[in-house]
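In: I'll drop the sequence and a predicted model, then ask my questions.
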Amino acid sequence: MKPMQLRGRWVLVTGASAGLGKSFATHLAKYHGANLVLVARRKDRLDALASELGKSAGVATHVIPADLSRTEEVDHALAEATSGRQLTAAVLNAGVTHFGHFHELPWKDFQTMLQTNVSAVVRMTTELVSHLERDPHGGGILIVSSMAGFTPVPFQTAYAATKAFLVHFGMGMWHELDGRNVSVTTFAPAGIQTEMTAGEKFGPLRAWLAPVDEVAKEGIDALMERRFLTIPGVQNRLGDVLFRFLPRRFLTGRMAAVYRGALAKGR
């Protein structure tokens, strides 16, 4: 399949109201001229972003407020996003985390995390594949996972587990769709400077966090080039290679020590 061209075509972005999702949307509009379907819970922020990008980039936008932890709202978002328009691509970015001891994560919040980070992505991918491949130029999906999906992260244990699912799901789908008119790319950034990592708990880890706009650019490049897997940042890619040679228990222990220290300082 040829690389994607997105100018004047519609792209769905979930989790678009803030952080990496907002940067994805901004990059798509300003540098690629893509029309955007923006999905997130906070309508006021989506409306503000849609207005800003309409004026600054001259693209068309459509806003869909939706809580992707609720299956019925996932289905509503899909139906509205594909009604009367052909999507060329989808950036499945919405996600939630928990930084702290696992036993402090309420069961309801864990269910919300699982539904948002895993179930919504699987459901949207399943429904979008047949729609996107109808684009004569070939469609594509970017599944936003994390480097936490490759290595257990104590004190973000549940979050890392959801991202591990996405790594396996996305890479498996890339092969399953071989020969069809649609691609799935897995994107696995490390820590990013976003609203999600703005709290005091992340303070000691902030030096490790990458600028969100740089990460967004690498993600969109990976989507358009239909890559199998992309880890943004040279140091992160080198780290991924190095981690493969370290004993799992040792590596997880080092992660635990770093995050335990950050958690203690944050408190």
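Out: Okay, I see it. Numbers count the residues shown, from 1 in each chain.
In: secondary structure element for the residue lying closest to residue 78 once chain neighbours are set aside?
Out: Take residue 78 and drop its neighbours on the chain: the residue closest to it by C-beta to C-beta, 6 or more residues apart in numbering is residue 127, 5.1 Å away. Using the backbone N, CA and C atoms, a C-beta is placed for each residue, glycine as well. When secondary structure is defined using DSSP states H and E, the element that contains residue 127 is helix 120-132.
In: send the alpha carbons of that helix over as CSV?
Out: Once side chains and other backbone atoms are set aside, the C-alpha atoms of helix 120-132 remain, and they are given as CSV (Å, rounded to 0.1, in the frame of the first residue of the first chain):
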residue,chain,number,x,y,z
ALA,A,120,-13.1,0.9,23.2
VAL,A,121,-10.0,0.5,21.1
VAL,A,122,-10.9,-3.1,20.1
ARG,A,123,-14.5,-2.2,19.3
MET,A,124,-13.6,0.9,17.3
THR,A,125,-10.9,-1.0,15.4
THR,A,126,-13.3,-3.8,14.6
GLU,A,127,-16.0,-1.5,13.3
LEU,A,128,-13.7,0.9,11.5
VAL,A,129,-11.7,-1.6,9.4
SER,A,130,-14.5,-2.3,6.9
HIS,A,131,-15.3,1.4,6.7
LEU,A,132,-11.8,2.6,6.2
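In: what strands flank the helix or strand containing residue 184, and is each parallel or antiparallel?
Out: Assignment of secondary structure by DSSP H and E places residue 184 within strand 182-187. The pairing partners recorded for strand 182-187 under DSSP bridges are strand 139-144 (parallel), strand 229-230 (parallel).
In: for the ones you listed, which one ends up most surrounded?
Out: For the strands paired with strand 182-187, the stretch with the most neighbours on average is strand 139-144, a mean of 27; neighbours defined as mean count of other C-beta atoms under 10 Å.
In: how much does it deviate in direction from helix 120-132?
Out: With axes from the mean of the first three to the mean of the last three C-alpha atoms, to 10 degrees as the criterion, the two stretches strand 139-144 and helix 120-132 enclose an angle of 170 degrees.
In: now the next helix or strand after strand 139-144: average pLDDT?
Out: Beyond strand 139-144 on the C-terminal side, the first helix or strand identified by DSSP H and E is helix 157-176. pLDDT averaged over helix 157-176 equals 97, rounded to a whole number.
In: with just CA atoms, put helix 157-176 into PDB.
Out: Listed next in PDB are the C-alpha coordinates belonging to helix 157-176 (Å, rounded to 0.1, in the frame of the first residue of the first chain):
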ATOM      1  CA  THR A 157       0.600  -1.800  37.000                       C
ATOM      2  CA  ALA A 158      -2.900  -1.800  35.600                       C
ATOM      3  CA  TYR A 159      -2.200   0.900  33.100                       C
ATOM      4  CA  ALA A 160       0.900  -0.900  31.800                       C
ATOM      5  CA  ALA A 161      -1.200  -4.100  31.500                       C
ATOM      6  CA  THR A 162      -3.800  -2.400  29.300                       C
ATOM      7  CA  LYS A 163      -1.000  -1.000  27.100                       C
ATOM      8  CA  ALA A 164       0.500  -4.500  26.800                       C
ATOM      9  CA  PHE A 165      -2.800  -5.700  25.400                       C
ATOM     10  CA  LEU A 166      -2.800  -2.900  22.800                       C
ATOM     11  CA  VAL A 167       0.800  -3.700  21.700                       C
ATOM     12  CA  HIS A 168      -0.200  -7.300  21.000                       C
ATOM     13  CA  PHE A 169      -3.500  -6.400  19.400                       C
ATOM     14  CA  GLY A 170      -2.100  -3.700  17.100                       C
ATOM     15  CA  MET A 171       0.800  -5.800  15.900                       C
ATOM     16  CA  GLY A 172      -1.300  -8.800  15.300                       C
ATOM     17  CA  MET A 173      -3.900  -6.800  13.400                       C
ATOM     18  CA  TRP A 174      -1.100  -5.400  11.100                       C
ATOM     19  CA  HIS A 175      -0.500  -8.900   9.900                       C
ATOM     20  CA  GLU A 176      -4.100 -10.000   9.800                       C
END
